[in-house]
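Novice: please find the sequence and the predicted model below.
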Amino acid sequence: MSNLSFAAQISDWTSQEKERIEAVFQTASEAVFNEMTDPGGRVPRVTGNLARSIVASVNEMPPIRPEKIDYPDTEQVSIGVIQGAELGQTVWIGFQAAYSARVNYGFVGQDSLGRLYNQAGRAFIEAAQQRWPQIVAEAEAKVRGRSEGGSPQA
């Protein structure tokens, strides 16, 4: 029998549950981030620049950057942002490369240099979004495995 009062036991239980729910939220958000840039997934990897342009934020959707640059690898910074996100916050995950929308949604027409395109979309953003229910279930199983001391099912 515990020496804690009923109120203290409930408070402790509630605190542990909040931590678990937050861990599921963070784990699932990180999985979405990883799925959008998975080398074996839908995002094309010609130079890796498009995948490196992904950024996570808890303040706002990362803006599209119109200038053509080589993006540095900021994956660890974004994962840190996601792991620091608190329950109730929105985690914004976006690609900053100006051509990201064209690659994701497709493009038919003439670009600013006069080149003609008929490019099908890769839908790498929507593919990850559509898997959100499964990703959350997988994250919940992983967190449950950690909190119960067992090994999570893959």
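Specialist: Nice, thanks for sending it over. Numbering: from 1, shown residues only.

Novice: all contacts plus neighbour counts: C-alpha atoms, from now on.
Specialist: OK.

Novice: please report how far Arg122 lies from Ser100.
Specialist: Arg122 sits 10 Å away from Ser100 when distances are taken as C-alpha to C-alpha, to the nearest Å.

Novice: repeat that for Asn3.
Specialist: Here the distance between Asn3 and Ser100 works out to 58 Å (C-alpha to C-alpha).

Novice: of those two, who's got more company?
Specialist: Between Asn3 and Ser100, Ser100 has the larger neighbour count (other C-alpha atoms under 10 Å), namely 20 against 7.

Novice: now do that one, the pLDDT please.
Specialist: The model reports Ser100 with a pLDDT of 94.

Novice: show me the contacts for it.
Specialist: Leu50 (C-alpha atoms under 8 Å, 6 or more residues apart in numbering).

Novice: give me phi/psi at it?
Specialist: Note on Ser100: backbone dihedrals following degrees, to the nearest 10 are phi -60, psi -40.

Novice: over to the one 4 residues further on?
Specialist: Its backbone dihedrals place Asn104 at phi -70, psi -50, with angles given as degrees, to the nearest 10.

Novice: the chain should start at 25 in everything you say after this.
Specialist: OK, 25 is where the count begins now, so the last one is Asn128.
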